[in-house]
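Q: no letters, just coordinates:
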């Protein structure tokens with residue numbers, strides 16, 4: 001009996017896995033738990049270091065080295081997974097290493113052990129990132145990648161909302177019964193083991209992997225094998241990243257702008273709530289942006305997300321020029337920054353899967369993660385230097401120019417080049 005072409009196509013479509021499958025859910029749950037534990041520690045770490053008498057310069061050194069280690073780990077783990085054809089086991093180890101690392105802070109009496117814990121944590125995050133993204137891309141049909149990456153980023157960001165709120169509540173709860181000012185922080189750090197270990201177990205039990213094709217080529221040959229359109233795409237990502245500063249800078253900006261009117265304590269609390277709002281915007285935008293990109297295309301939406309970041313920075317330039325301390329205006333700038341991050345994280349990963357064949361995706365995600373890591377390091381450093389040497393106006397103007405330039409590169413880039 002002859003089967004019509006239309007019937008055959010329907011059978012093929014039905015055989016494709018639905019995008020919201022066990023793998024996508026498992027990776028979303030794992031990232032939510034991992035980020036909740038990570039943000040529980042991150043939200044209170046500056047206060048803990050202040051209680052220990054550790055300087056801001058030491059914190060900057062710790063974060064800078066940890067970010068650099070993460071970038072190298074992303075590049076190496078991605079290539080190794082392509083070479084072996086296996087991604088899941090190393091990804092699970094990365095989640096567990098990150099989950100255990102923050103508990104080391106509980107035993108610190110100075111900056112060295114915090115340094116070790118932070119570097120181990122970011123090393124684990126660096127290992128797992130490219131492998132998780134490659135597995136995520138392989139778990140869904142090509143036309144649903146935007147939805148899958150957007151859903152994953154939503155789960156990740158919900159963890160970033162839950163974590164700080166839990167840690168603030170725990171600090172307040174333990175502070176009332178503690179004589180040692182560092183004791184509440186140490187208890188929070190130990191409690192991060194719960195979501196941290198649970199994230200690794202969730203990934204191990206929910207996510208499945210089929211043996212992929214091995215790519216037994218040398219490291220540099222693997223990099224050279226990446227498609228030319230993808231390498232040109234990375235130029236736009238990299239230029240944007242050189243202006244995409246850490247969100248602690250926008251929190252500091254809001255604190256400084258609000259302090260003359262509200263006082264330092266109230267300004268600090270308002271800025272922290274703005275950051276929670278930023279993460280709410282980030283979580284809320286991620287899935288709709290990803291789903292929309294499956295229908296309308298990703299390039300124009302990515303350009304729009306990059307421009308939203310530039311507009312947020314330009315708004316901060318205006319706020320410092322005219323000394324704007326309007327709460328609604330500043331919240332809008334945090335919202336634009338959240339939109340930009342949602343677009344960036346959802347679509348850069350989906351576009352990588354669109355441009356690179358599966359047996360090289362680990363390497364491709366490693367390269368993307370390394371470029372973004374270098375951008376984070378350079379952008380935050382430049383913004384901090386310009387802020388200190390000149391003014392926050394110069395710092396955020398620099399960021400505006402670099403972000404807008406990255407948007408223009410993506411706008412005039414062609415996937416067929």
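A: Looks like it arrived, so ask away. Just so we're clear, the structure is a prediction, and the values are computed from it rather than from any experiment. Numbering: from 1, shown residues only.

Q: quick one: contacts of stretch 99-114?
A: By CB atoms under 8 Å, 6 or more residues apart in numbering, the residues outside stretch 99-114 that reach it are 34, 37-38, 40-41, 45, 48-49, 52, 54, 58-59, 62, 116-118, 120-121, 124, 185-187, 189-190, 192-193, 195-200. Every residue, glycine included, has its C-beta placed from N, CA and C.

Q: kindly recompute the last result at 6 Å.
A: 41, 54, 58, 117, 120-121, 186, 189-190, 192-193, 196-197, 199-200 (CB atoms under 6 Å, 6 or more residues apart in numbering).

Q: check stretch 396-405 too.
A: 239-240, 242-243, 245, 306, 309-310, 313-314, 316-317, 383, 386.

Q: now with 7 Å, please.
A: 239-240, 242-245, 306-307, 309-310, 313-314, 316-317, 379, 382-383, 386 (CB atoms under 7 Å, 6 or more residues apart in numbering).

Q: which ones among those residues map onto helices?
A: Per DSSP state H, helices hold the following members of the contacts of stretch 396-405: 239-240, 306-307, 309-310, 313-314, 316-317, 379, 382-383, 386.

Q: which of the residues you listed sit farthest apart?
A: 307 and 386 (21.4 Å; CB to CB).

Q: which of these two has more residues huddled nearby?
A: residue 307 (21 against 18; other CB atoms under 10 Å).

Q: name the nearest residue to the more buried one, ignoring sequence neighbours.
A: Spatial nearest neighbour of residue 307, chain neighbours left out: residue 407 (5.0 Å); criterion: CB to CB, 6 or more residues apart in numbering.

Q: what about that neighbour, which SS state?
A: Classification of residue 407 by DSSP: H, G, I helix; E, B strand; the rest coil places it in helix.

Q: before we move on, what about residue 172?
A: Going by three-state DSSP: residue 172 is helix.

Q: thinking again about what came up before, neighbours around the residue nearest to residue 307, how many?
A: 22.

Q: tell me the pLDDT of it.
A: Residue 407 is assigned 95 on the pLDDT scale.

Q: residue ranges with poor pLDDT in the stretch 51-200 of the chain?
A: Applying pLDDT under 70 to the stretch 51-200 of the chain flags the ranges 55-61, 63-64, 78-79, 82-85, 176-178.

Q: so for stretch 173-185, what gets flagged as buried?
A: Of the residues in stretch 173-185, 182, 184, 185 count as buried by neighbour count, 16 or more other CB atoms under 10 Å.

Q: could I get the full set of strands for the stretch 301-417 of the chain?
A: For the stretch 301-417 of the chain, no strands are identified by DSSP state E, counting those that start in this stretch.

Q: can you tell me which of the contacts of stretch 99-114 are in helices?
A: The members of the contacts of stretch 99-114 that map onto helices under DSSP H are 41, 58, 117, 120-121, 186, 189-190, 193, 196-197, 199-200.

Q: just give the closest residue to the spatially most central residue of the chain, not the sequence neighbours.
A: The residue lying closest to the centre of the chain (CA atoms, centre = their mean) is residue 345, at 6.6 Å. Nearest residue to residue 345, sequence neighbours excluded (CB to CB, 6+ apart): residue 153, at 4.9 Å.

Q: and the host helix or strand of the one you found, what does it pack onto?
A: Per DSSP states H and E, residue 153 falls inside helix 145-175. Under the contact criterion of 3 or more CB pairs under 7 Å, 6 or more residues apart in numbering; DSSP states H and E, helix 145-175 touches helix 22-52, helix 111-138, helix 183-191, helix 264-296, helix 327-355.

Q: on that earlier part again, correct me, but the residue nearest to residue 345 touches residue 347?
A: No - using CB atoms under 7 Å, residue 153 makes no contact with residue 347, being 9.8 Å away.

Q: and these two? Which one has more around it.
A: Each of residue 153 and residue 347 has its neighbours counted (other CB under 10 Å); residue 347 has more, 30 against 27.

Q: number of nearby residues for residue 398?
A: So residue 398, with other CB under 10 Å, has 22 neighbours.

Q: need the pLDDT of it.
A: 96.

Q: quick one, which of the helices and strands packed on helix 145-175 is nearest to residue 227?
A: Closest to residue 227 of the helices and strands packed on helix 145-175 is helix 327-355 (CB to CB; 6.0 Å).

Q: show me what the closest one is packed up against.
A: helix 145-175, helix 228-241, helix 247-262, helix 264-296, helix 299-321, helix 361-389.

Q: can you pull the buried residues of it?
A: In helix 327-355, the ones that count as buried by 16+ other CB under 10 Å are 330-355.

Q: so for that helix, mean pLDDT?
A: Helix 327-355 comes out at a mean pLDDT of 91.

Q: could you give the angle of that helix to helix 111-138?
A: 60 degrees (axes from the mean of the first three to the mean of the last three CA atoms, to 10 degrees).

Q: starting at the chain centroid, how far to helix 327-355?
A: Computed by CA atoms, centre = their mean, to the nearest Å, the separation of helix 327-355 from the middle of its chain amounts to 10 Å.

Q: returning to that earlier point: take the helices and strands packed on helix 327-355 and write them to TSV, including distance to residue 96.
A: Shown next, in TSV, are those (distance: least, CB to CB, whole Å):
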stretch	distance to residue 96
helix 145-175	16
helix 228-241	28
helix 247-262	27
helix 264-296	25
helix 299-321	32
helix 361-389	19
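
Q: compare those and give me the one nearest residue 98.
A: helix 145-175 (12.1 Å).

Q: next, the buried residues of the closest one.
A: Applying 16+ other CB under 10 Å to helix 145-175 flags 145-164, 166-168, 170-171 as buried.

Q: one step back: out of the contacts of stretch 99-114, who's nearest residue 253?
A: Looking across the contacts of stretch 99-114 and measuring by CB to CB, the closest to residue 253 is residue 58, at 22.8 Å.
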